[in-house]
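Engineer: whatever this is, show me its structure:
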Amino acid sequence: MTNPSSELLDERRGDVLWLTISREARRNAISPGVLRGLCDAIERVQHERDVRAVVLTGAGDKAFCAGADLAAGTAFRFDHSEPYAAFADLLRLARRSIVPLVARVNGACMAGGMGLLAMCDLAVAAPHAVFGLPEVKVGLLPAQVLSVLDDLLPRRALAQMCLTGEPISAAQALNWGLVNTVVDDLDTGLQALLGRILDKSPAAIRRGLYTMKAIEAMSFEESMRFTESQIAVFALTEDAAEGQLAFREKRAPNWTGR
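Structural biologist: Residues are numbered from 1 along each chain as shown. This next block holds a predicted model:
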């Protein structure tokens with residue numbers, strides 16, 4: 001249930017969980033509370049079969065997420081005895097997610113916000129959205145964010161964003177493959193994309209995300225050995241049997257998600 005006082009609104013809308021960073025006055029900057037909420041929600045939905053997708057967005061229409069809250073003055077203060085950073089742990093959780101994460105980019109997406117965008121599997125952006133890695137302007141580099149952007153952006157595009165700190169437009173983000181689509185009516189575009197996910201096999205999507213993420217760090221031969229065994233596992237699911245039967249009978253499948 002949504003808690004209006006929370007920094008992260010957690011709301012079920014049918015088969016979809018909406019996570020909204022609710023810090024509009026701070027341009028939806030990341031806080032410890034936001035990090036905890038995101039980690040808890042993403043971990044929780046891995047075990048909730050009735051959640052088919054997660055939408056991540058920011059409150060209002062000016063900012064998706066401005067990154068760390070520099071105004072607080074504590075954004076880059078760390079306990080150096082702790083080897084694992086909270087933001088890095090969020091990116092680790094997202095990388096293991098077998099529930100599709102969809103970014104609804106409703107405005108400025110900056111610094112750590114780029115990490116939130118990049119950790120998602122799909123992204124829809126409004127035309128006025130801008131994207132940037134401005135850390136170099138305050139003597140930093142988007143180090144943790146590089147781990148999720150490195151395979152997403154072309155090498156020179158990523159270098160340009162990191163070294164100049166200058167933002168790019170939604171059109172350029174689309175051109176570089178940072179988002180899937182840019183639409184005037186953001187929610188209509190988002191629902192169209194979600195609709196093309198929610199009518200597909202839940203079992204295939206869960207195992208598909210697992211397979212896609214597992215092979216990212218593998219060599220070609222390692223990947224082939226893994227995927228040639230995975231296709232046999234896919235074929236053993238109830239959804240695979242139902243999907244093929246529905247195809248032969250020329251009807252819509254009735255997925256069990258198993």
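Engineer: please make it C-alpha for all contacts and neighbour counts, starting now.
Structural biologist: Fine.
Engineer: so for the residue lying closest to residue 59 once chain neighbours are set aside, what pLDDT did the model give?
Structural biologist: Of all residues not flanking residue 59 in the chain, residue 22 sits nearest, at 5.2 Å (CA to CA, 6 or more residues apart in numbering). On the pLDDT scale, residue 22 is placed at 97.
Engineer: can you check the one 3 residues further on too?
Structural biologist: pLDDT, residue 25: 94.
Engineer: contact partners for residue 126?
Structural biologist: Shown in contact with residue 126 (CA atoms under 8 Å, 6 or more residues apart in numbering): 105, 106, 107, 170, 182, 183, 184, 185, 186.
Engineer: try 6 Å
Structural biologist: Contact analysis of residue 126 by CA atoms under 6 Å, 6 or more residues apart in numbering lists 106, 182, 183, 186.
Engineer: take these and keep only those in strands.
Structural biologist: Among the contacts of residue 126, the members found in strands (DSSP state E) are residue 182.
Engineer: most neighbours among the contacts of residue 126, which one is it?
Structural biologist: Counting neighbours by other CA atoms under 10 Å, residue 106 leads those with 24 neighbours.
Engineer: gap between that one and residue 209?
Structural biologist: Separation of residue 106 from residue 209 (CA to CA, to the nearest Å) stands at 25 Å.
Engineer: same question for residue 177.
Structural biologist: Counting by CA to CA, the gap from residue 177 to residue 209 is 19 Å.
Engineer: kindly report the same for residue 147.
Structural biologist: As judged by CA to CA, residue 147 and residue 209 stand 18 Å apart.
Engineer: could you do residue 92 as well?
Structural biologist: Distance, residue 92 to residue 209, by CA to CA: 14 Å.
Engineer: hang on, the earlier thing: who's more crowded, residue 177 and residue 209?
Structural biologist: Per other CA under 10 Å, whichever of residue 177 and residue 209 has more neighbours is residue 209, with 17 against 14.
Engineer: contacting residues for that one?
Structural biologist: Counting by CA under 6 Å, 6+ apart, residue 209 touches residue 98.
Engineer: that one in helix, strand or coil?
Structural biologist: With DSSP: H, G, I helix; E, B strand; the rest coil as the basis, residue 209 sits in helix.
Engineer: pLDDT score assigned to it?
Structural biologist: Note for residue 209: predicted pLDDT of 96.
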